[in-house]
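J.: Structure here, sequence nowhere to be found:
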């Protein structure tokens, strides 16, 4: 499934820039390629930059990375609920509550990489288990209709967005 096959009616407009920034990519290719891109990117971050923020009130790099991991967990869970045909509306989450509670500042780069690796492996396995019917199933999250496949592209686009922000503003 390519991102060009994803109609805008299957996701909240908030996520449009994340999905569009990926270009015309295959969902599974992007999930797998994004895994290696993230690992490589984080390994290249100098150790002394992990707890750096480019301005007062901004998250530290370690916090941004944990935000990516936490959001992937949430988006993955949403995709699972949608694919399993659960139509119960799902609430949003407050990233500004999650980040301080992520314990990012106490984690080493290796611990962050290990946690990411585990979460992305679960994402890969989950999306490989979905057939076309399951990928197209819709659910409601944060007051918007979304499909399971849209959640996959959101996972990839969200990660790409934050790696770009780190690259441009932090490094």
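T.: Great, that's in hand. Remember, it's a predicted structure, so these values are computed and weren't measured experimentally.
J.: so where's this protein shaky on pLDDT?
T.: Within the chain, no stretch falls below the threshold (pLDDT under 70).
J.: burial count for residue 5?
T.: Here the count is done by other C-beta atoms under 10 Å, and residue 5 has 13 residues near it. (Each C-beta comes from the backbone N, C-alpha and C, glycine too.)
J.: any idea how far residue 71 is from it?
T.: To residue 71, residue 5 is 23 Å away according to C-beta to C-beta, to the nearest Å.
J.: what does residue 162 give?
T.: As for residue 162, its distance to residue 71 is 9 Å (criterion: C-beta to C-beta).
J.: can you check residue 116 too?
T.: 12 Å.
J.: Quickly find the element holding residue 115.
T.: helix 109-128 (DSSP states H and E).
J.: hmm, who's touching the helix or strand that that helix is followed by?
T.: As assigned by DSSP H and E, the chain's next helix or strand after helix 109-128 is helix 132-136. Helix 132-136 has contacts (C-beta atoms under 8 Å, 6 or more residues apart in numbering) with 1, 10, 27, 83, 84, 147, 148, 149, 152.
J.: and those residues, which of them are in helices?
T.: Applying DSSP state H to the contacts of helix 132-136, the entries found in helices are 27, 83, 148, 149, 152.
J.: for those residues, which one is nearest residue 60?
T.: For the ones in helices among the contacts of helix 132-136, the residue nearest residue 60 by C-beta to C-beta is residue 152; the value is 28.0 Å.
J.: Nearest spatial neighbour of the closest one, chain-adjacent residues omitted?
T.: residue 27 (4.9 Å; C-beta to C-beta, 6 or more residues apart in numbering).
J.: these two touch, right, that neighbour and residue 4?
T.: No - contact between residue 27 and residue 4 fails when scored by C-beta atoms under 8 Å: they sit 11.2 Å apart.
J.: Between those two, which has more neighbouring residues?
T.: Each of residue 27 and residue 4 has its neighbours counted (other C-beta under 10 Å); residue 27 has more, 22 against 9.
J.: okay, the angle between the host helix or strand of residue 72 and helix 109-128?
T.: Using DSSP H and E, residue 72 sits within helix 61-83. Orientation note: helix 61-83 sits at an angle of 20 degrees relative to helix 109-128 (axes from the mean of the first three to the mean of the last three C-alpha atoms, to 10 degrees).
J.: Specify which member of the contacts of helix 132-136 is nearest to residue 49.
T.: residue 152 (30.0 Å).
J.: burial measure for that closest one, as a count.
T.: Residue 152 is flanked by 25 other residues according to other C-beta under 10 Å.
J.: check contacts around it.
T.: 27, 31, 79, 123, 127, 135.
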